[in-house]
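Novice: Show me the folded form of this:
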Amino acid sequence: MKALLRFNFKSAGGNQCPSDQRPYRNLFILTGALLLIILPVLSFDFGITWDEWMQSHYGRLVLRFLLSGGQNHDFMNFAETAYLYGGFFDTITGLVYATLFDNVHHFVYAAIGDTLKGISGQDLFGSGYYETRHVINSLFGFAAILFTGLLTQKLSSWRGACLALLFMALSPVFIGHSMNNPKDIPFAATYVFTFYFFIVYLRQLPKPKISTMVCISLGIAAAIGIRVGGIILIFYLILFSGAAWVRSVLNQSAGWNPWMLGGRVAAISLGGYVGGLIFWPYGCMNPVKNLFATLKAFSRFSEATISNVLFEGKMIAINNLPWHYIPKWIWISSPLVVLAGLILFPILIREIYRKTHYKAVLLVLFALLFPILSVIIQKPILYDSWRHLLFVYPPLVAIAAVSWEIFLRLTGNRIFKALSIALLVLLGIEPLCWMIRNHPNEYVYFNPLAGGINRAYVNYQTDYWGNSIRQAALWLANDHRQKAPGQVILIDSNGSIMSSFSYLRKVLGPEYIPYRQIPAPLRLTNPPHYKILLPRNLSKEDFLGGKWPPPGTIYEVKADHATLCAVAKSPNVPTKP
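Specialist: Okay, the predicted model is just below:
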């Protein structure tokens, strides 16, 4: 981090950091250090998300592939389409856990249960495994926050960097996902990391430093190692480098050799793609053929998994979403302090042109708008809010922070400046209070424009990944142990069984039996004692018609007044099961 800060010690104008910016630089360091401590600590409170069990085992299979020198292909026969994804995050977290708390060989080669039939007690990951994943996930979230700040400094100043850091920390949706979203948050971190070094690279042309080129390759490799879609960063590199060369020709700049530039771009791109293949076994088996096979398979997979999502009070098929699905989600779930910065951007565009590195600002604006416009035009399958596009949020925050920074520069009158700062603080307090009040369910935040979650929960998805199941499972387990110790309890769940299994088995041991593990014929005469339920597939009419929370509810996990998860007792089961 010190090296990055030394690298950033120059201001946006290229001179040494002026004295009036040094306090903001120090504040940036202090805030970053606090976040580096706070985020991992908070991660221990978050639940196991929908796909974590599958992704965790996939990471083990990637390790098998690597440790066997590419000979073990067990990953091809696991969870249908898992092999289409890179296993960078899951492999790294598995290796860290195995090194610190387990035997690597035992961890990698232990038996894997059948994801369709459930999971057996002996197939559980060891104690602390998911906590390890969540800590590492939070560190990726921290990296995304840090590089958003550093990127903003490249655009404007250290005060702008501080604002970006604070805006990211005050973004409930991003903070919530940072704790247990192992795909979208690591991808967002690699995206903003790579864009930061794109800015550095373009400033160093025509002779970029080797260290800068290596960092871009690493960013591309990590992105591809998470999602094959990270290959878009190679397209960005080619586009930006080509544009820089054209500009040099038009300006008749000396020292530009197109062959040298092309060679550097090719080296960075090849290094990034090959590096990404390390954690993507399927791609590694045939780097060209399987790349296109994967893109084609994603299209077929999407067509075969059509379902409905709750959006604007209607149940809409995910292959028929309106064009404004992503813009609307961004608008209603981003804090007002960030949205205010976006509104200021076109108003202050002339001053931003004059007082910032406007070319770098345009690149960041491209990083924000290109993916969103691509989604609007191509209409891919989307679901679960806008989590698949969370990687555009760091550049969005950078643009908002730059706008606020320029706005504060223009407020020369003391009274007006005081009012501006008061407004900034007031807008920032609202999401902060919401996160404190609703921890650990930060990611279901809706801003006041949507009426908060109390009004939005009947119109939009809330806990689509089952984070709140952990709280419900722990309450039920402790309640049962207190009221009916030693008695067997059958528990069903309409979420992923692994979102509750670990917590119930840890507290209740063999007393707990997952209802779905009982043979189907026995379920007819043995109903579950309790159900842990999410409103994932309910419509607005269901909410307003009294179907949520369901009959028999004895416990609710809430965000403000909205019920995210319910524990319901079966009506034909005695009080003490």
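Novice: And the helices in the stretch 51-200 of the chain?
Specialist: Applying DSSP state H, counting those that start in this stretch to the stretch 51-200 of the chain gives helices spanning 52-67, 88-101, 104-109, 129-155, 158-169, 172-180, 184-204.
Novice: quick one: contacts for the most centrally placed residue in the chain?
Specialist: Computing the C-alpha centroid of the chain and ranking residues by Cα atoms, centre = their mean puts residue 185 first, at 2.7 Å. Counting by Cβ atoms under 8 Å, 6 or more residues apart in numbering, residue 185 makes contact with 137, 140-141, 144, 174, 177-178, 390. Quick note: C-beta positions are derived from backbone N, CA and C, even for glycine.
Novice: In JSON lines: those, plus pLDDT, neighbour count and distance to residue 248.
Specialist: Formatted as JSON lines, those follow (pLDDT from 0 to 100; neighbours: other Cβ atoms under 10 Å; distance: Cβ to Cβ, whole Å):
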{"residue": "137", "pLDDT": "98", "neighbour count": "28", "distance to residue 248": "42"}
{"residue": "140", "pLDDT": "98", "neighbour count": "25", "distance to residue 248": "36"}
{"residue": "141", "pLDDT": "98", "neighbour count": "28", "distance to residue 248": "38"}
{"residue": "144", "pLDDT": "98", "neighbour count": "28", "distance to residue 248": "32"}
{"residue": "174", "pLDDT": "98", "neighbour count": "30", "distance to residue 248": "37"}
{"residue": "177", "pLDDT": "97", "neighbour count": "28", "distance to residue 248": "40"}
{"residue": "178", "pLDDT": "98", "neighbour count": "32", "distance to residue 248": "40"}
{"residue": "390", "pLDDT": "97", "neighbour count": "22", "distance to residue 248": "35"}
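Novice: wait, which of those is closest to residue 231?
Specialist: residue 390 (18.3 Å; Cβ to Cβ).
Novice: Hmm, the closest one is touching residue 184, no?
Specialist: Yes - counting by Cβ atoms under 8 Å, residue 390 touches residue 184, with 4.5 Å between them.
Novice: Tell me the residues that contact both of those two, please.
Specialist: In contact with both residue 390 and residue 184: residue 177, using Cβ under 8 Å, 6+ apart.
Novice: which is the next helix or strand following the lowest-mean-pLDDT helix or strand in the chain?
Specialist: In the chain, the helix or strand scored least confidently by mean pLDDT, DSSP states H and E is helix 2-7, which has a mean of 46. Note on helix 2-7: by DSSP states H and E, the next helix or strand toward the C-terminus is helix 22-43.
Novice: nearest to residue 452, of the contacts of residue 185?
Specialist: Distances from residue 452 to those, taken by Cβ to Cβ, are shortest for residue 174, at 17.9 Å.
Novice: Pull the contacting residues for the closest one.
Specialist: Contact analysis of residue 174 by Cβ under 8 Å, 6+ apart lists 141, 144, 168, 185, 188, 390, 393.
Novice: which residues sit in contact with the fifth one?
Specialist: Residues touching residue 188, when contacts are defined by Cβ under 8 Å, 6+ apart, comprise 144, 174, 390-391, 393-394.
Novice: all helices for the stretch 451-577 of the chain, in order.
Specialist: Going by DSSP H, counting those that start in this stretch, the stretch 451-577 of the chain shows helices at 452-456, 469-483, 498-508, 520-523, 540-544.
Novice: and the first one, how far out from the chain's middle?
Specialist: In this view, helix 452-456 has its centroid 22 Å away from the chain centroid, taken as Cα atoms, centre = their mean, to the nearest Å.
Novice: Other residues contacting that helix?
Specialist: So helix 452-456 is contacted by 332, 434, 444-446, 450, 462, 559-562 (Cβ under 8 Å, 6+ apart).
Novice: So which of those residues sit within strands?
Specialist: Assigned to strands by DSSP state E, the following of the contacts of helix 452-456 qualify: 559, 562.
Novice: farthest pair in the contacts of helix 452-456?
Specialist: Across the contacts of helix 452-456 (Cβ to Cβ), the longest gap, 17.6 Å, separates 332 and 561.
Novice: ok, these two, which is more surrounded?
Specialist: Using other Cβ atoms under 10 Å as the criterion, residue 332 and residue 561 rank with residue 332 on top: 21 against 11.
Novice: Show the pLDDT at the more buried one.
Specialist: Residue 332 carries a pLDDT value of 98.
Novice: what does the one 5 residues further on give?
Specialist: What the model reports for residue 337 is a pLDDT of 98.
Novice: Please name the residues that touch residue 129.
Specialist: 56, 97, 101.
Novice: Most neighbours among these, please name it.
Specialist: residue 97 leads the contacts of residue 129 on contacts (other Cβ under 10 Å) with 23 neighbours.
Novice: Would you confirm that that residue contacts residue 107?
Specialist: Yes - counting by Cβ under 8 Å, residue 97 touches residue 107, with 7.1 Å between them.
Novice: mind checking how far residue 169 is from residue 446?
Specialist: Residue 169 sits 19 Å away from residue 446, going by Cβ to Cβ, to the nearest Å.
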